[in-house]
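*Asks:* Need the 3D shape of this:
(chains A and B)
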Amino acid sequence: MALDLIIGGIFALFTGALVAIPACRHSLGRPVVYGLTAAACGVILTAAVLGPGAGLGPGAAMERTLPLGIPWVGAHLRLDALAAFFLVVINLCGAAASLYAIGYGRHETLPGRVLPFFPVFLAAMNLVVLADDAFVFLFAWELMSLSSWALVMVHHREEETGQAGYVYLVMAGFGTLCLLLAFGLLAGSDGGYVFDAIRAETLAGWERSLVLVLVLLGAGSKAGIVPLHVWLPLAHPAAPSHVSALMSGVMTKVAVYGLIRIVFDLAGPPASWWSVVILVIGGVTAVLGVLYALMQHDLKRLLAYHTVENIGIIYIGLGLALAFQANDMPAGAALALTAALFHVLNHSLFKSLLFFGTGAVLTATGERDMEHLGGLIHRMPVTASTFLVGCAAISALPPLNGFASEWLTFQAILISPNLPHWGLKFLVPAVGAALALAAALAAACFVKAFGITFLGRPRSPAAAMADEVDGFSLGTMIALALLCVLAGVLPGLVVDGLSGVAVELTGSRLPAQASLPWLSLIPISPARSSYNGLILLVFITFTSTIIATVVKRFASSALRRSAAWDCGFPDQSPATQYTAQSFAQPIRRVFGRAVFGAAETVEMPEPGSLAPARLHMRLRDRIWEYLFLPVAAAVEAAAGRANAIQFLTVRSYLTLVFAVVVLLLSGLALWR
Amino acid sequence: MHGLAFDVSHLLAGGLVLISLMLLYQDRMYSLLNVFALHAVVLALAVAWQAHIQTAPHLYLTAAIALLFKGAAIPIALRRMVQRLGIDRTVETVVGVGPTMLVGIGLVALAIMVMLPITGQADVLTQEDLAFALSVVLLGLLMMVTRRNAVSQVVGFMSLENGLILAAAGAKGMPLVVEISVAFSVLIAFIVIGIFLFRIRERFDTVDVQVLDGYRGEQP
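*Replies:* Okay, here's the model as predicted:
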């Protein structure tokens, strides 16, 4: 029943895409299409919540074979606890993005380029999660890539967009190719591409290891692990904001789903070194992602780099789960996997919220560059407060949801000394340190993002004249902020909801949390560690109320209004405020030289000259320079050589064909 | 009976290879067309013999098609075309006759070396038949490569097609529809190529395909 509803929802989304083609010319087209996608997402969400993850328990997966796709094979779909969880993530954010877009999309100059592709994008992501054979999986995966590419290319006349779209297309094609090869290996020699046949297949050790590498390249490039993240900060900001939110908050999660489905479910028992690879990738991705983010002053690009960081955190959780699973510690594996999936949910919530906030700022001011913003908290109080909730959540501050999931990840790290493997005993604490560093830097980064954008004084007339955005956008942001708080205060409910997935993939689960007193979260045992978001929330509310009351009541009531002290500098230009660049400078000084080859030069005018002094700052993206540019140059050179083949005469082509036939035949004759 | 069946089909298929080699060194248009007609007649005989020994009556139809179209209709049409184009003079070969023949012999050897080992399970008759058929195909391809005149390239293409039909007839159980469709595709190719020949001639006053290269726009 649940699966039929979900399939119906997906068909409704595809229908929405067809409806959108004629509807986009009409002024009512936008609310109708987005309303339809929101309703379809709502239906799928309800069905997924009531599906096998919650009520029926593990093992009660539902399956359907639709007579679509390849003749006599059909399209296999399956709804199990893992799929149900990811459907919840996709459709929660999908519904939010649709509602937000009813208001936000009003400012879209080219609705005909957005409306038809948006439902297809959502449907494709749902289909990836439901797929139960490699054909459907890869088809949906590629459909997801292409429809999101079309959404990235909406404003294709802008030069940056064109480049972003090109890089994205190349990376997406590369990723799908890797996944195609991975499924080819998984299917074995008899070519059973249905997932049940793949599960039954036993592969040799090296084949499974090759599958891991290919999946890390394929799903990892889509998720944005370092060093395959380069397309992400280009493509995510280029799309309209509600699409950026979906790409950053949801599509990267679908990529995480691909990794989990293949590595935990299809590929068979993990080898011990797999976890090492994933842990190292996770640690490096988390730290580098946040360092890149700190260097940005474009809000959307900053958020996109933070997606890279959060994918690193999720990968750390997954790596730990693999480590525990390879060493036969199912309880630890369940804990780490639950932490990773909890973070998947959390990140999709607060990243969507932050992108919506950025979209609101973009609508109100037309600016994404923080250096031209400032003081928006006075003009846009609701956007500012919801954005602040998102910032606190992504910086992992209690009592919000980001803290709960990162705390769970740390709990998994803290039981790692029980691992028998010596390498892991040393590696996991190091990764833990990287995670802590990333969390601290993320907090610094969001102090910058919020402070420069919303506090201080406006740095441009556009920021000074900004107005609060429409009701749909604000309502969606408030709802997401409330969800962030709710998931932080009631983490036990989410953890219980994830128990089905944990049992399905690791054979174990965390202790039931719902019955614990005071809604505590106790991952292992009460003697070891526990967390209670509710008590923290009550404590924070209580103390801040008391402090506010005390200050109001007992402070001196004698007020004297006067001009603000001007530090002996009478010109109060907004340019004298802290900028995003100057805020990040201390961190740039510490990490920039090693990571980015940062170089600062000060250009002082001659004494007596009236020319301004200048500070030049140069950052280099070493991954782009040393990894991607050489590959691009090699491809270019090879293409230049091969280009000559296009200009041969008819007889030369005939001769070429003849020579190849003779060569192949001689090879056949000699080789046998 | 088996010995005779084997010997005769061996003779006919071998004859086809021999005529393919003869095609390579014909440097006059009319003699080229005559040899091509002979090629088709021998093919028809070979196919008819296969029909007889396999007791597959539908192969008689294939043989009849080969005899009518390739043995008579196409050579006559080509002959009239050559007359109308006024190119009944020497055919220029790109490579000399001696080297071409040597390469041709090499190709026959290659075809036998490839086919005999990999068709090990089949009976001897099919094995040899396939080896000869591949030789005919390769020789037809060689002819298309070494000739510059469009008409002789067409003849090379048709003789290549003959090799395919020989292979199809030699393999037991090939459905008739395959052979008929091959025959029709050849006919259509012939019509298209014929139209093209006159178009080329109209435009450039010659059917030497090398002249075309200068008119491609990108590069001389």
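
*Asks:* now the element among helices and strands of chain A having the smallest mean pLDDT, how far from the centre of its chain.
*Replies:* Least confident element among the helices and strands of chain A, by mean pLDDT, DSSP states H and E: helix A:593-596 (a mean of 82). A distance of 25 Å separates the centroid of the chain from that of helix A:593-596, by C-alpha atoms, centre = their mean, to the nearest Å.

*Asks:* could you list every residue that touches the spatially most central residue of chain B?
*Replies:* The structure's chain B has its C-alpha centroid closest to B:S159; by C-alpha atoms, centre = their mean the separation is 0.6 Å. By C-beta atoms under 8 Å, 6 or more residues apart in numbering or on different chains, the contact set of B:S159 is B:S20, B:L23, B:F36, B:H39, B:V136, B:L139, B:G140, B:M143. C-betas here are computed from N, CA, C, even on glycine.

*Asks:* Now do the SS call for it.
*Replies:* Of the three states, B:S159 takes helix under DSSP: H, G, I helix; E, B strand; the rest coil.

*Asks:* quick revisit: which helices and strands sit right next to the least confident helix or strand of chain A?
*Replies:* helix A:272-294 (3 or more C-beta pairs under 8 Å, 6 or more residues apart in numbering or on different chains; DSSP states H and E).

*Asks:* let's see 7 Å
*Replies:* Helices and strands touching helix A:593-596, by 3 or more C-beta pairs under 7 Å, 6 or more residues apart in numbering or on different chains; DSSP states H and E: there are none.

*Asks:* Can you point out the buried residues in that helix?
*Replies:* Under the neighbour-count criterion of 16 or more other C-beta atoms under 10 Å in any protein chain shown, helix A:593-596 has A:V595, A:F596 buried.

*Asks:* So what does the residue of the stretch 1-150 of chain A found nearest chain B look like in phi/psi?
*Replies:* Closest approach of the stretch 1-150 of chain A to chain B (C-beta to the nearest C-beta) occurs at A:P71, with a separation of 21.7 Å. Here is the backbone geometry of A:P71 (degrees, to the nearest 10): phi -60, psi 140.

*Asks:* tally of neighbours for it?
*Replies:* Other residues within reach of A:P71, judged by other C-beta atoms under 10 Å in any protein chain shown, total 7.

*Asks:* how far away is whichever residue of the stretch 151-300 of chain A sits closest to chain B from A:E207?
*Replies:* Here the stretch 151-300 of chain A gets closest to chain B at one residue, A:S189, 21.3 Å apart by C-beta to the nearest C-beta. When distances are taken as C-beta to C-beta, to the nearest Å, A:S189 and A:E207 turn out to be 11 Å apart.

*Asks:* Between those two, which is the more surrounded one?
*Replies:* Neighbours around A:S189 and A:E207, counted as other C-beta under 10 Å, are more numerous at A:E207. The numbers are 16 against 6.

*Asks:* show me the contacts for that one.
*Replies:* For A:E207, the contacting residues are A:L185, by C-beta atoms under 7 Å, 6 or more residues apart in numbering or on different chains.

*Asks:* And it, which helix or strand is it part of?
*Replies:* Taking DSSP states H and E as the definition, A:E207 sits inside helix A:205-223.

*Asks:* Sort out which residues of that helix are buried, please.
*Replies:* By 16+ other C-beta under 10 Å, the buried positions in helix A:205-223 come out as A:207-209, A:211-212, A:214-223.

*Asks:* right, and the helix or strand after that helix?
*Replies:* Per DSSP H and E, helix A:205-223 leads on to helix A:232-238 as the next helix or strand towards the C-terminus.

*Asks:* tell me what the helix or strand following that next one is packed against?
*Replies:* Proceeding N to C from helix A:232-238, the next assigned helix or strand is helix A:241-246, under DSSP H and E. Where contact means 3+ C-beta pairs under 7 Å, 6+ apart, helix A:241-246 is packed against helix A:81-104, helix A:330-365.

*Asks:* Ok, which of those helices comes nearest A:L299?
*Replies:* Closest to A:L299 of those, according to C-beta to C-beta: helix A:330-365, at 4.8 Å.

*Asks:* model confidence over the closest one, on average?
*Replies:* pLDDT averaged over helix A:330-365 equals 94, rounded to a whole number.

*Asks:* Same check on stretch B:146-163?
*Replies:* Per-residue pLDDT values over stretch B:146-163 give a mean of 83.

*Asks:* Send me it as PDB with only the CA atoms.
*Replies:* Listed in PDB are the C-alpha atoms of stretch B:146-163, where the atom choice follows Å, rounded to 0.1, in the frame of the first residue of the first chain:
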ATOM      1  CA  THR B 146      42.900   0.000 -54.100                       C
ATOM      2  CA  ARG B 147      40.600   1.500 -56.800                       C
ATOM      3  CA  ARG B 148      39.900   5.100 -57.400                       C
ATOM      4  CA  ASN B 149      37.200   4.800 -60.000                       C
ATOM      5  CA  ALA B 150      33.700   4.900 -58.500                       C
ATOM      6  CA  VAL B 151      32.400   2.100 -60.800                       C
ATOM      7  CA  SER B 152      35.100  -0.300 -59.800                       C
ATOM      8  CA  GLN B 153      34.500   0.600 -56.100                       C
ATOM      9  CA  VAL B 154      30.900  -0.500 -56.700                       C
ATOM     10  CA  VAL B 155      32.100  -3.800 -58.200                       C
ATOM     11  CA  GLY B 156      34.300  -4.300 -55.100                       C
ATOM     12  CA  PHE B 157      31.300  -3.700 -52.800                       C
ATOM     13  CA  MET B 158      29.100  -6.100 -54.700                       C
ATOM     14  CA  SER B 159      31.800  -8.800 -54.600                       C
ATOM     15  CA  LEU B 160      32.100  -8.300 -50.900                       C
ATOM     16  CA  GLU B 161      28.300  -8.800 -50.700                       C
ATOM     17  CA  ASN B 162      28.700 -12.100 -52.600                       C
ATOM     18  CA  GLY B 163      31.100 -13.300 -49.900                       C
END
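
*Asks:* Mind listing what's buried along that stretch?
*Replies:* B:146-163.

*Asks:* same deal with stretch A:616-627?
*Replies:* With burial defined by 16+ other C-beta under 10 Å, the residues of stretch A:616-627 counted as buried are A:D621, A:I623.

*Asks:* What of stretch A:416-433?
*Replies:* Counting neighbours by 16+ other C-beta under 10 Å, one finds that the buried residues in stretch A:416-433 are A:S416, A:L419, A:H421, A:L424, A:L427, A:V428, A:V431, A:G432.

*Asks:* before we move on, what about stretch A:469-487?
*Replies:* A:469-470, A:472-481, A:483-487.

*Asks:* Check the gap between the closest residue to A:R588 other than its chain neighbours and chain B for me.
*Replies:* Here the nearest residue to A:R588 in space, its sequence neighbours aside, is A:A598; by C-beta to C-beta, 6 or more residues apart in numbering or on different chains that works out to 5.7 Å. In this structure, A:A598 and chain B are separated by 48 Å, where distance is defined by C-beta to the nearest C-beta, to the nearest Å.

*Asks:* Can you give me the neighbour number for A:A598?
*Replies:* 17.

*Asks:* circling back to that earlier point, setting aside sequence neighbours, what's the nearest residue to the residue nearest to the centre of chain B?
*Replies:* By the measure of C-beta to C-beta, 6+ apart, the closest residue to B:S159 outside its immediate chain neighbours is B:G140, 4.2 Å from it.

*Asks:* how about the strands in chain A?
*Replies:* For chain A, the strands defined by DSSP state E occupy A:62-66, A:75-79, A:599-603, A:614-618.

*Asks:* can you list those in CSV and add mean pLDDT?
*Replies:* As requested, the strands of chain A are exported to CSV (pLDDT from 0 to 100):
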stretch, mean pLDDT
strand A:62-66, 87
strand A:75-79, 91
strand A:599-603, 85
strand A:614-618, 84
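
*Asks:* Please identify the most buried of those.
*Replies:* strand A:75-79 (a mean of 23; mean count of other C-beta atoms under 10 Å in any protein chain shown).

*Asks:* pLDDT below threshold where in the stretch 551-672 of chain A?
*Replies:* Along the stretch 551-672 of chain A, the parts satisfying pLDDT under 70 run over A:568-571, A:672.
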